[in-house]
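# Only the shape, not the letters, is given here:
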C-alpha cells in the first residue's frame, strides 16, 4: 500500500469516527467522558516529557541554537524537526484539554446552554474522539525519528564492518604479497 493510500484511509476512518462520536455521544454523560479527557491529558504530558528529554539527549547542540539558525535543511535539522513536531502537537492537545476542563464547569452554570445537554455531550464526545485520534497520530510520529536513528545506526554498522573487512584484506596483502610475475 502506498503512503498516500494509507493516509487517505486514515483520514476517512478518523472522520467517520468523529461523526459517529457526535451521533452517539449524546448518550454519554460528561462524567463518563472526563476520565478519557484525563487519560488524554496524561498521555500528552508523557509524550511531551519523553520526547523533550529525547531531544535534549540526542540533539543538545541543536537545542542551544535558535530554531531559525543553523542548517535547518540538513538531515540533522530535519530529524530535529521530526522530534519537535510531536512535542508541538502534544502541547496543543494538552492546552485544549486544560481549556475544556475550565469551560465545562462554566457552561454548567448557564441555564440557556444546559437546555441543550445532549448536543453539548455530542460536541464534547466528538472533540474527545478527534483529540484522541490526533494523539494517536502524535504517538506514531514519535516512532519515525526512532526508526530513522536505528536505520542510520544500522548503516553505520554495515559501513564499519565493510571498512574492517577492507582493512583486514589490505593488511593480509601486505603480509603475503602474491607474486604475479611467472
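Arrived safely. What you see is a predicted model, and the numbers here were worked out from it, not measured in a lab. Numbers count the residues shown, from 1 in each chain.

# Helices along this structure, start to end?
3-24, 30-58, 60-64, 75-107, 111-114, 117-175 (DSSP state H).

# Output those helices as JSON lines; include the columns mean pLDDT.
Putting the helices of the chain into JSON lines (pLDDT from 0 to 100) gives the following:
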{"stretch": "helix 3-24", "mean pLDDT": "94"}
{"stretch": "helix 30-58", "mean pLDDT": "88"}
{"stretch": "helix 60-64", "mean pLDDT": "65"}
{"stretch": "helix 75-107", "mean pLDDT": "85"}
{"stretch": "helix 111-114", "mean pLDDT": "89"}
{"stretch": "helix 117-175", "mean pLDDT": "81"}
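
# Now tabulate those in JSON lines and tack on mean neighbour count.
For every residue, glycine as well, the C-beta is placed using N, CA and C. Formatted as JSON lines, those follow (neighbours: other C-beta atoms under 10 Å):
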{"stretch": "helix 3-24", "mean neighbour count": "13"}
{"stretch": "helix 30-58", "mean neighbour count": "16"}
{"stretch": "helix 60-64", "mean neighbour count": "13"}
{"stretch": "helix 75-107", "mean neighbour count": "16"}
{"stretch": "helix 111-114", "mean neighbour count": "10"}
{"stretch": "helix 117-175", "mean neighbour count": "14"}
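
# Now do the contacts for the residue nearest to residue 50 when sequence neighbours are not counted.
Nearest residue to residue 50, sequence neighbours excluded (C-beta to C-beta, 6 or more residues apart in numbering): residue 142, at 7.7 Å. Residue 142 makes contact with 47, 50-51, 83, 86, according to C-beta atoms under 8 Å, 6 or more residues apart in numbering.

# Check residue 113 too.
With C-beta under 8 Å, 6+ apart, residue 113 has these contacts: 107, 120.

# And for residue 17?
By C-beta under 8 Å, 6+ apart, the residues touching residue 17 are 129, 133.

# mind checking how far it is from residue 23?
In this view, residue 17 and residue 23 are 11 Å apart by C-beta to C-beta, to the nearest Å.

# try residue 120
14 Å.

# again, but for residue 61
Taking C-beta to C-beta, one finds residue 61 at 51 Å from residue 23.
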